[in-house]
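>>> Starting from these lines, generate the structure:
(chains A and B)
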Amino acid sequence: EDKVVQSPLSLVVHEGDTVTLNCSYEVTNFRSLLWYKQEKKAPTFLFMLTSSGIEKKSGRLSSILDKKELSSILNITATQTGDSAIYLCAVRRLAAGGTSYGKLTFGQGTILTVHP
Amino acid sequence: GAVVSQHPSRVICKSGTSVKIECRSLDFQATTMFWYRQFPKQSLMLMATSNEGSKATYEQGVEKDKFLINHASLTLSTLTVTSAHPEDSSFYICSASPLPGQGAPGETQYFGPGTRLLVL
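Predicted structure coming up:
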């Protein structure tokens, strides 16, 4: 069974701090790892990682995958109160057939709280 | 692009009634949609994979007679919570991945805004 573990489970920081969120996984036939941000409603997509060692960046957020260590990190620099959310990591395995994509297995999430 | 809608966004019902939740991909087609359930401050739990034109695949522990899924077209899946009870109260979220060549970024799952169900 596929398994995704995130750490820490919760994190409280002050504005301006830099945070690193961790995600480790065990999955058969790994295809990709995705990061999502969830505020009050449904998750919004942040990054999808398929290749090891290639950093993806969007503003103050960046992420990288290490296939050897079966893990990924999500970095947020100069945090703001608007970064407060649950950050979810999910992995997808290769799907059978080829007409659609397989299911995601989610980690338990990291609750990030940024204080002013 | 890649927008997924859900309806209703919130529903309150009496115990014993059935509730239908719709999930639509607005600007892309998806042969597969996914239904999740989420409790407060917890992660998403996959309930079932909805396949257009065929039966849904349910995750272990999810009652298929309780949570009926119908994937009527390439843009619509419905989840019906039958004979709802207070313990079914939760946040239900659907997602879909665009088919290759749909114009939207493929392989990424896009989530609907969710439906909050409260059973009294």
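
>>> Pull out the buried residues from the helix or strand of chain A with the lowest mean pLDDT.
Lowest by mean pLDDT, DSSP states H and E among the helices and strands of chain A is strand A:104-106, with a mean of 89. Neighbour counts using 16 or more other CB atoms under 10 Å in any protein chain shown place A:104-106 of strand A:104-106 among the buried residues. (Glycine included, C-beta is placed from N, CA and C.)

>>> Pairing partners for it, with directions?
Sheet pairing of strand A:104-106 (DSSP bridges) gives strand A:85-93 (antiparallel).

>>> what sits up against the strand it pairs with?
By CB atoms under 8 Å, 6 or more residues apart in numbering or on different chains, the list of residues contacting strand A:85-93 from outside reads A:2, A:4, A:6, A:21, A:23, A:25, A:27-39, A:43, A:46, A:72, A:74, A:101-107, A:109-112, B:41, B:43-44, B:107, B:109.

>>> Kindly report the same for stretch B:64-83.
Stretch B:64-83 is contacted from outside by B:16-26, B:28-31, B:33, B:35, B:47-48, B:50-54, B:56, B:58, B:88, B:92, B:94, B:96, B:99, B:117, using CB under 8 Å, 6+ apart.

>>> Centre of the chain to that stretch, how far?
Here the centre of mass of C-alpha atoms in stretch B:64-83, compared against the chain's by CA atoms, centre = their mean, to the nearest Å, lies 8 Å away.

>>> Kindly report the same for stretch B:49-62.
In terms of CA atoms, centre = their mean, the gap separating the centre of stretch B:49-62 from the centre of its chain is 11 Å.

>>> Next: stretch A:68-80.
Computed by CA atoms, centre = their mean, the chain-centroid distance of stretch A:68-80 equals 7 Å.

>>> contact partners of it?
For stretch A:68-80, using CB under 8 Å, 6+ apart, the contacting residues are A:13-26, A:33, A:35, A:46-47, A:49, A:52, A:60-66, A:83, A:87, A:89, A:112, A:114.

>>> Narrow those residues to those that are buried.
With neighbours counted using 16+ other CB under 10 Å, the contacts of stretch A:68-80 contain these buried positions: A:13, A:19, A:21, A:23-25, A:33, A:35, A:46-47, A:49, A:61-65, A:83, A:87, A:89, A:112, A:114.

>>> List the buried residues in stretch A:75-93.
Under the neighbour-count criterion of 16+ other CB under 10 Å, stretch A:75-93 has A:76, A:79, A:83-93 buried.

>>> who in chain B is up against chain A?
With CB under 8 Å from any CB of the partner chain as the criterion, chain B comes near chain A at residues B:30-32, B:34, B:41-46, B:49, B:93, B:95, B:97, B:99, B:106-114.
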